[in-house]
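> I would like the atomic coordinates for the input below:
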Amino acid sequence: MAELKVGSKAPAFSLEDSNGKKFSLKDYLGKKVVLYFYPKDMTSGCTAEACDFRDAMPEFKKLDAVVLGVSPDPVSSHLKFAGKYDLNFPLLSDVDKKVVEKYGVWQEKSMYGKKYMGVVRTTFIIDEAGKIREIFPKVKVKGHVEEVKKALKD
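All right, here's what the predicted structure looks like:
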């Protein structure tokens, strides 16, 4: 898969959310989409990031932007995660890892000297025409939502 770049067409996808509802990227043509990929429900960094997005939802709505979170966790895990933290945006389940691979965020990682495959925390801003407007690779959670809001305003 060719590496995605700013200006590329965002790869199409259709995934289920925590309630089993199907979400397709094409449904959001005409809106800005903040598509953020995260490694795992209920982990400290992913929880902090999700809660930051949750708390900023009124501002994202004012910017006419939709927030979608994606991880390889199953629908049942997303349901618990969204319920526990009162998340107010869809969490999409990519258990077969097709979307994380299309977006190039399924990569080799290492922890404590062990190598393994996992999601590299990455956010894409997709414009109203379905093109990638901004890519935030290897996201650091603290301050990330502020960066995304600033990019949407520019």
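
> which residues does the residue most central in space within the chain contact?
Centroid-nearest residue in the chain: Y36, 1.7 Å away (criterion: C-alpha atoms, centre = their mean). The neighbours of Y36, taking C-beta atoms under 8 Å, 6 or more residues apart in numbering as the test, are E49, F53, V67, L68, G69, V70, R121, T122, T123, F124, V139. From N, CA and C alone the C-beta is placed, and that goes for glycine too.

> Please enumerate the strands of the chain.
Using DSSP state E, the strands of the chain run over 14-17, 22-24, 32-37, 65-71, 91-93, 106-111, 114-119, 122-126, 132-136.

> can you put the ones you listed in JSON lines and add mean pLDDT and distance to V99?
Shown next, in JSON lines, are those (pLDDT from 0 to 100; distance: least, C-beta to C-beta, whole Å):
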{"stretch": "strand 14-17", "mean pLDDT": "95", "distance to V99": "6"}
{"stretch": "strand 22-24", "mean pLDDT": "94", "distance to V99": "11"}
{"stretch": "strand 32-37", "mean pLDDT": "97", "distance to V99": "8"}
{"stretch": "strand 65-71", "mean pLDDT": "97", "distance to V99": "6"}
{"stretch": "strand 91-93", "mean pLDDT": "97", "distance to V99": "8"}
{"stretch": "strand 106-111", "mean pLDDT": "89", "distance to V99": "9"}
{"stretch": "strand 114-119", "mean pLDDT": "92", "distance to V99": "10"}
{"stretch": "strand 122-126", "mean pLDDT": "97", "distance to V99": "11"}
{"stretch": "strand 132-136", "mean pLDDT": "96", "distance to V99": "14"}
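
> Nearest to H78, out of those strands?
Of all those, strand 91-93 sits nearest to H78, with 4.1 Å by C-beta to C-beta.

> And for the closest one, what's in contact with it?
Taking C-beta under 8 Å, 6+ apart as the rule, strand 91-93 contacts 15-18, 23, 41, 50, 68-75, 77-78, 81-82, 99.
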